[in-house]
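Student: need coordinates for the following:
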Amino acid sequence: MKRRLLLLIPLLVFAVLVVFLYQGLFKDPAGRESAMIAKPFPTFALSTLDDPDRRLDLSLLRGEVMLVNVWGEWCPVCKQEMPQLHELANRGVRLVGVDYKDTRRQGRAFLDTYGDPFEVSLFDAEGSLGFDLGVYGAPESFIVDADGIIRYHHTGYITPEDVERVILPEIGRWQ
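Tutor: Residues are numbered from 1 along each chain as shown. Model (predicted):
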């Protein structure tokens, strides 16, 4: 009897694990809450995509509400997002790009092809800033207030509907 019970324990553990993993298949990763909300934007010192000798730091993100967009040439949905980023720039939103895990040549070619809505693009070839932000893919966007505090995190590409229903209201909320 005891032996049968001992044989059932691994089976029960396996069943619980299967149920837990099965539930995870149906959770939307975009719905996860960022651990960075209400925290200061991570400290960084990165060169720009256009100029390897020009290094920028956290002072770039002070003084005005802005959207920081993490993108990469290798990212197919980043191409889909570009019209919305141009729309935001045309409506006066300050945009800072983070070219994530790319090469300068590829990043520059991407912006030459799809247009450059960014005030500046930081070059994060190693992904260190992306890591500090908790980025697990591109595109991801962060609304940063005038004091450099992250106020909103958007996972995935910004759709045309997101511009009106989410991004502009969030920016307005923190201005």
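Student: please make it C-alpha for all contacts and neighbour counts, starting now.
Tutor: Fine.
Student: and Asn90, how many neighbours?
Tutor: Other residues lying near Asn90 total 11 when counted by other CA atoms under 10 Å.
Student: how close does it sit to Asp116?
Tutor: Separation of Asn90 from Asp116 (CA to CA, to the nearest Å): 12 Å.
Student: how about the spatially most central residue of the chain, what does it touch?
Tutor: Geometric centre of the chain, nearest residue: Glu140, 2.2 Å, by CA atoms, centre = their mean. The contact partners of Glu140, by CA atoms under 8 Å, 6 or more residues apart in numbering, come to 69-71, 153-157.
Student: tell me, how many residues neighbour Val163?
Tutor: 16.
Student: I meant Arg62, not that one.
Tutor: Arg62 - counted by other CA under 10 Å - has 14 other residues nearby.
Student: quick one: residues contacting Ile171.
Tutor: 65-66, 143.
Student: and what of Gly130?
Tutor: So Gly130 contacts 70, 100, 124, 136 (CA under 8 Å, 6+ apart).
Student: max pairwise distance over those: which two?
Tutor: Asp124 and Tyr136 (13.8 Å; CA to CA).
Student: looking at those two, which one has more neighbours?
Tutor: A count of neighbours by other CA under 10 Å puts Asp124 above the other of Asp124 and Tyr136, at 26 against 10.
Student: who touches that one in this structure?
Tutor: 46, 98-102, 130.
Student: likewise Asp53?
Tutor: Ser47.
Student: tell me if it really is in a helix.
Tutor: No - counting by DSSP: H, G, I helix; E, B strand; the rest coil, Asp53 is not part of a helix but coil.
Student: picking up where we left off before, so which of the contacts of Glu140 comes closest to Glu81?
Tutor: Using CA to CA, these come closest to Glu81 at Tyr157, 5.5 Å.
Student: isn't the closest one up against Cys78?
Tutor: Yes - counting by CA atoms under 8 Å, Tyr157 does reach Cys78; the two are 6.6 Å apart.
Student: identify the contacts common to the two.
Tutor: 138-139.
Student: show me where this protein has its strands.
Tutor: 45-47, 55-57, 66-71, 94-100, 120-124, 140-144, 150-155 (DSSP state E).
Student: mind putting those strands in a markdown table, mean pLDDT and distance to Glu170 included?
Tutor: A markdown table is the format used below for the strands of the chain (pLDDT from 0 to 100; distance: least, CA to CA, whole Å):
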| stretch | mean pLDDT | distance to Glu170 |
| --- | --- | --- |
| strand 45-47 | 98 | 27 |
| strand 55-57 | 97 | 24 |
| strand 66-71 | 98 | 10 |
| strand 94-100 | 98 | 13 |
| strand 120-124 | 98 | 22 |
| strand 140-144 | 98 | 8 |
| strand 150-155 | 97 | 7 |
